[in-house]
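In: Provided below are the primary sequence and the corresponding predicted coordinates.
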Amino acid sequence: MLRYVPNTLSAFRILLVPLFAVTYFSGSLTAHPKALAIFIIAGITDIIDGYLARRFDLITKVGTVLDPLADKLMQLTAILCLTIDGHIALWITAVLLFQELGMIISGVYMYFREHSTVIPSNKYGKGATVLFALAIFITILVPDSLASKLLIIVALGLKITALTSYIHHYYTDIKPHIPK
């Protein structure tokens, strides 16, 4: 029974994505704190999901795709909401959206090919994820603060570094070993 918990938590986080957006734009006086609570719940379930998967050796191929997908969808949704609200520059969101969509599409392609492959996240990607989460948290609490703007720029730089390292890893370590 425990073996399904990590993937169930990832699926739950995906369900929180539209709830975050609807709550954020609900127009109530407590909309943003409630949306932040949803974001925090998603983060906590991500930590629990990862801990259980590693601690009890419950890592699955589906989980290695589902978990980062849930993270990306939540972060992109939160960033899009903050951009629509005028708290994050459109160019930052455009770069991030283009990059993340490219990574999602290439990840799905690699997973569903005949010789499915998953590139695991690295320290740059994990660092960017943490910094974006912190920036989103701060931006929702204190919109337009210098701290959130700086965190977003640094996180974007880490995200671009992660992307280049994933591309390098694919072309040097994975592609040469894929049967033709």
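Out: On my side now, so go ahead.
In: Please enumerate residues in contact with the helix or strand bottoming out on mean pLDDT in the chain?
Out: Lowest by mean pLDDT, DSSP states H and E among the helices and strands of the chain is helix 90-112, with a mean of 84. Identification of contacts with helix 90-112 by C-beta atoms under 8 Å, 6 or more residues apart in numbering yields 61, 65, 68-69, 72, 76, 79-80, 83, 116-119, 152-153, 156, 159-160, 163, 166. (Glycine included, C-beta is placed from N, CA and C.)
In: Just the buried positions in it, please.
Out: The neighbour-count check on helix 90-112 (16 or more other C-beta atoms under 10 Å) flags 92-93, 96, 100, 103-104, 107, 110 as buried.
In: which residues in this structure form helices?
Out: Listed in chain order, the helices of the chain (DSSP state H) span 5-24, 31-55, 61-84, 90-112, 123-141, 146-169.
In: Could you tell me the least trusted of these?
Out: Looking at the helices of the chain, the lowest mean pLDDT belongs to helix 90-112 (a mean of 84).
In: Distance from the chain centre to that one, please.
Out: Helix 90-112 sits 11 Å away from the centroid of its parent chain (C-alpha atoms, centre = their mean, to the nearest Å).
In: Compute the inter-axis angle for that helix and helix 146-169.
Out: 30 degrees (axes from the mean of the first three to the mean of the last three C-alpha atoms, to 10 degrees).
In: ok and helix 90-112 relative to helix 61-84, angle-wise?
Out: Relative orientation of helix 90-112 versus helix 61-84 (the same axes, to 10 degrees): 170 degrees.
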